[in-house]
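> Turn this into a structure:
(chains A and B)
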Amino acid sequence: MQTTFSPSSSTLQQQHQTPNNQDISRYKNIIDDKSLTFAEKIISIKNVETSNTDSKKMCMSGDIVIVNVDLAMAQDSTGPLAIRSLNEMGIENLYDSSKVLLVLDHTFPAADEKVANLHAMIRDFVSKHNCMLIQGSISHQHILEQLATPGMIILGADSHTCQAGCISAFATGIGSTEIAAVWTTGQLWLQVPETIQIKLSGTFNKGIFARDLILDHIGKVGEDGANYKALEWKFSNDYVKRQFSMDSRACISNASMECGAKISVFPIDEITTKYLDDYPRINNNNEAEKIVIHPGNSAKHVDEYEIECNKIEPQVSGPDNVDKVHTVGEMANIEIDQAFIGSSTNGRIEDMEIVARMLKGRKVHKNTRCVITPASVKVYEDAIKRGYVEIYIESGAFFTNSTCGACVGTHLGALGENEICISSSSRNFVGRMGALSSKVYLASPATVAASAIEGKIADPRRYL
Amino acid sequence: MIMRDQSHHGINPVNLKGKAWVFGDDINTDIIIPFRFKSRTNDPYEMAKYAMYGLDPDFHKKISKGDIVVAGRNFGGGSSREQAPVALKYAGISAIIAESFARIFYRNAFTIGLPILEISEIKGKVNPQDDLKIDITNFVVENVRTNETFYARQVPEFMRQMLLEGGLVEYYKKYKHFPWIQS
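Numbers count the residues shown, from 1 in each chain, chains lettered A, B, ... in the order given. Sure, this is the predicted structure:
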């Protein structure tokens, strides 16, 4: 445990300097070290001791260190408790409001008076402290599209914050009161996680997607298979790499939470670079500049896996536990009341596209309702521009604004008693989408769309 | 019997005693408090009404103050919701013993001052309604029925201090700094 200084120090502002491009050279020995994992490198760079002095402290798996945090987010179901904790502690001032992000996404627009009051509380807080406020895009997708840069440390009061690992950031979820502490000092303690390396090889067959891959893996390792651990994804060659768009990587990093991963990190490559070119960061001017960190070749892993993409079939997970995974064939013919496509796990433009391709000229089954929810305002806008929404409406599906609504059973697609839903959302836990007696099965957007057409769990391959 | 400092919402635990409520593996935070309830209030006592709702909506009525939750692997998986340990604490649960805890729940429980103890061999060693005693200073559990003693995994000293003060908010109110930073 490294403890360095009192937060009451008047020089705190000067002490907290995130490295920028000019002093990246200071960390060259860390960045070039072949024996360190991604997590060890980034925490070695961002721990308060290294960033405050000329020392270059190496942080190894298991070490508990205090790090400087580049972005600290809470959303409309975790922010109110964070604000309550700040008030109880009597804290009036935030450390740096430009690093504080509040997002109204879970029940947006407010579904009822109680939610509206909590939204108002958050807006008042944002107004008082002049921090960032995003409304109507899911936080993780907004962070990916506009804020995250490689090498950032991003903490969020939301478990799926780990999604930003797709862009090679160290991103993980924490609770409300801890995010309040980060807002106060810009720092938090972290334990450097041990690392599991997963090497990807082979080519996906038609109708198989990133979501099938991660569900298959979670089925093998279990809901706590990566608890406390970092996942590092590695491509066996360039051909394999090109299958994994940023949207696909985001799906995998996001869903890695379902086996407990603390972070889930993809390498920086030309796909990352192109994504950053296509989606310019709005915070180009702040100090959180890109730091390119590649895991060391001889770094120690607690476990190593290889996943052969060509061996994966469409997966269906559930009900009640994400690691209860089956092939679509084993689950075929289970009748469904609702098909849901969306959430931060699978509500990106790539997902909107595959669903449009499948629903084009077809109808949603008369016994099933199909709800499609984009992950952000940008995805919403692109789906309209590309003509997907016309196709959805023509097929009889319902297209909503961007929200976490159905995924968490709060609005826009909640389930009643004994209803059955197949969903591309994050979790299928008991009562997740509504009534305790309802059942949720998880699958890729393609499998959900095929199921919407047939009114029962169905194989997507016959529609592609 | 529970030694509880009523001057603040945190508990100031030294010795706990309560009856066991035994659960299995993978008790996730959606079971502990469903989203649609936790996202519509900021009042911990309101959250408490939904503690363990996913398995038993009447759980909060059945337990007595000071009772202890015992569970298997990966307690508290899923969402980051701090409302999960808050709901259990304000429903009257004094501590949770499990074979293992999910990462964010683990941090949250210490943060809100709810004692949680990781004892890998606890499975099968506690029956429902067994009387348990917990020494929070030393992280030791005793099953009164079997007279067996279990030693929980130790935690970093700053986390133990935070827990003994009743959580992060209470710690900060007393010391005016966060426990991981020693002045």
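
> Could you list the low-confidence segments of chain B?
Within chain B, the stretches falling below the threshold (pLDDT under 70) are B:1-13, B:182-183.

> just so I have it, where are all the helices in it?
Defined through DSSP state H, the helices belonging to chain B, from first to last, are B:29-32, B:35-38, B:44-48, B:59-62, B:83-91, B:103-111, B:157-164, B:168-175.

> try the stretch 151-300 of chain A
Assigned by DSSP state H, counting those that start in this stretch, the helices in the stretch 151-300 of chain A fall at A:176-185, A:210-221, A:238-241, A:246-255, A:270-278.

> Report the mean confidence score over the shortest one.
Okay, so that is helix A:238-241. Helix A:238-241 shows a mean pLDDT of 96.

> next one: it to chain centre, how far?
For helix A:238-241, the distance from its own C-alpha centre to the chain's C-alpha centre is 23 Å (Cα atoms, centre = their mean, to the nearest Å).

> Also the first one?
Helix A:176-185 has its C-alpha centroid displaced from the chain centroid by 20 Å (Cα atoms, centre = their mean).

> what about the longest strand in chain B?
strand B:15-22 (DSSP state E).

> buried stuff in that strand?
Of the residues in strand B:15-22, those buried under the neighbour-count criterion (16 or more other Cβ atoms under 10 Å in any protein chain shown) are B:16, B:17, B:18, B:20, B:21, B:22. Every C-beta, even on glycine, is put in place using the N, C-alpha and C of the backbone.

> circling back to that earlier point, export the helices of the stretch 151-300 of chain A as a markdown table, with columns for mean neighbour count.
Supplementary listing: the helices of the stretch 151-300 of chain A in a markdown table, determined by neighbours: other Cβ atoms under 10 Å in any protein chain shown:
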| stretch | mean neighbour count |
| --- | --- |
| helix A:176-185 | 27 |
| helix A:210-221 | 24 |
| helix A:238-241 | 14 |
| helix A:246-255 | 27 |
| helix A:270-278 | 14 |
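
> I'd like the ones you listed laid out as TSV, including distance to chain B.
What follows is the helices of the stretch 151-300 of chain A, written out as TSV (distance: least, Cβ to the nearest Cβ, whole Å):
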stretch	distance to chain B
helix A:176-185	4
helix A:210-221	12
helix A:238-241	29
helix A:246-255	12
helix A:270-278	26
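
> what sits against the spatially most central residue of chain A?
Centroid-nearest residue in chain A, with Cα atoms, centre = their mean: residue A:163, separated by 2.5 Å. With contacts defined as Cβ atoms under 8 Å, 6 or more residues apart in numbering or on different chains, residue A:163 is in contact with A:140, A:141, A:143, A:144, A:171, A:250, A:253, A:254, A:344.

> What number of residues are in the vicinity of residue A:228?
16 (other Cβ atoms under 10 Å in any protein chain shown).

> From chain B, how far off is it?
5 Å (Cβ to the nearest Cβ, to the nearest Å).

> so that residue makes contact with residue A:193?
Yes: counting by Cβ atoms under 8 Å, residue A:228 sits close enough to residue A:193 to count as a contact (5.9 Å).

> Which elements pack onto the biggest helix by length in chain A?
The single longest helix within chain A, with elements called by DSSP H, is helix A:113-129. If you count contacts as 3 or more Cβ pairs under 8 Å, 6 or more residues apart in numbering or on different chains; DSSP states H and E, helix A:113-129 packs onto helix A:79-89, strand A:100-104, strand A:132-135.

> surely residue A:183 meets residue A:71?
No: counting by Cβ under 8 Å, residue A:71 is not a contact partner of residue A:183; they are 11.1 Å apart.

> Can you tell me which of the contacts of residue A:163 lies closest to residue B:171?
For residue B:171, the nearest member of those is residue A:171. The distance, counting by Cβ to Cβ, is 26.6 Å.

> Quick one: neighbours of the closest one, just the number.
Burial of residue A:171, expressed as a neighbour count using other Cβ under 10 Å, amounts to 30.

> if I look at it, how far off is chain B?
Taking Cβ to the nearest Cβ as the measure, residue A:171 falls 12 Å from chain B.

> picking that back up, what does the longest strand of chain B contact?
Taking Cβ under 8 Å, 6+ apart as the rule, strand B:15-22 contacts B:1-3, B:59, B:63-64, B:66-71, B:94-95, B:115, B:126-136.

> ok, now which ones touch residue A:218?
Residue A:218 makes contact with A:225, A:255, A:258, A:259, A:317, A:322, A:323, A:325 under the criterion Cβ under 8 Å, 6+ apart.

> Just the buried residues from those, in ChimeraX please.
Buried residues within the contacts of residue A:218, as defined by 16+ other Cβ under 10 Å, are selected in ChimeraX through the command that follows:
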select /A:225,255,258,259,317,322,323,325
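
> among the contacts of residue A:218, which two are most distant?
Between any two of the contacts of residue A:218 (Cβ to Cβ), the greatest distance is 13.7 Å, for A:225 and A:317.

> shared neighbours, residue A:228 and residue A:193?
Jointly contacting residue A:228 and residue A:193 under the rule Cβ under 8 Å, 6+ apart are residue A:262.

> what sits against residue B:63?
Counting by Cβ under 8 Å, 6+ apart, residue B:63 makes contact with B:21, B:91, B:92, B:93.

> Could you find the closest non-adjacent residue to the third one?
The one in question is residue B:92. residue B:65 (4.1 Å; Cβ to Cβ, 6 or more residues apart in numbering or on different chains).

> how near is that neighbour to chain A?
22 Å.

> Same check on residue B:14?
In terms of Cβ to the nearest Cβ, residue B:14 sits 23 Å off from chain A.

> Count the residues that sit near that residue.
12.

> Hmm, it is touching residue B:137, no?
Yes: look at residue B:14 against residue B:137 with Cβ under 8 Å: they come within range, at 5.9 Å.

> Give me the common contacts of those two.
Counting by Cβ under 8 Å, 6+ apart, the residues touching both residue B:14 and residue B:137 are residue B:164.

> what sits against residue 151?
Assuming you mean chain A. With contact set as Cβ under 8 Å, 6+ apart, residue A:151 has these partners: A:42, A:45, A:168, A:169, A:170, A:289, A:290, A:291, A:292, A:293.

> Oops, wrong one, chain B.
When contacts are taken as Cβ under 8 Å, 6+ apart, residue B:151 is in contact with B:119, B:139, B:140, B:141.

> So which of those residues is the closest to residue A:438?
Distance from residue A:438 was checked for each of these by Cβ to Cβ. The minimum falls on residue B:119, at 34.3 Å.

> what are the phi and psi angles of that closest one?
Dihedral angles phi and psi of residue B:119 (degrees, to the nearest 10) take the values phi -130, psi 110.

> circling back: give the burial count for the residue nearest to residue B:92, as a bare number.
Residue B:65 is surrounded by 12 other residues when neighbours are defined as other Cβ under 10 Å.

> Test my guess that it contacts residue B:90.
No: counting by Cβ under 8 Å, residue B:65 stays clear of residue B:90, with 10.5 Å between them.

> Stretch A:325-337 and chain B in contact?
No: Stretch A:325-337 stays clear of chain B (Cβ under 8 Å from any Cβ of the partner chain), getting no nearer than 14.0 Å.

> Convert that stretch to PDB, retaining C-alpha atoms only.
Once non-C-alpha atoms are left out, stretch A:325-337 reads as follows in PDB (Å, rounded to 0.1, in the frame of the first residue of the first chain):
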ATOM      1  CA  VAL A 325     -25.000 -21.300 -22.400                       C
ATOM      2  CA  HIS A 326     -26.400 -23.500 -25.100                       C
ATOM      3  CA  THR A 327     -26.200 -23.600 -28.900                       C
ATOM      4  CA  VAL A 328     -29.200 -22.100 -30.700                       C
ATOM      5  CA  GLY A 329     -30.100 -25.600 -31.900                       C
ATOM      6  CA  GLU A 330     -30.500 -26.800 -28.300                       C
ATOM      7  CA  MET A 331     -32.900 -24.000 -27.600                       C
ATOM      8  CA  ALA A 332     -34.800 -23.800 -30.900                       C
ATOM      9  CA  ASN A 333     -38.600 -23.700 -30.700                       C
ATOM     10  CA  ILE A 334     -38.900 -22.000 -27.300                       C
ATOM     11  CA  GLU A 335     -41.800 -19.500 -28.000                       C
ATOM     12  CA  ILE A 336     -41.100 -15.900 -27.100                       C
ATOM     13  CA  ASP A 337     -43.300 -12.900 -26.200                       C
END
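
> No further questions, thank you.
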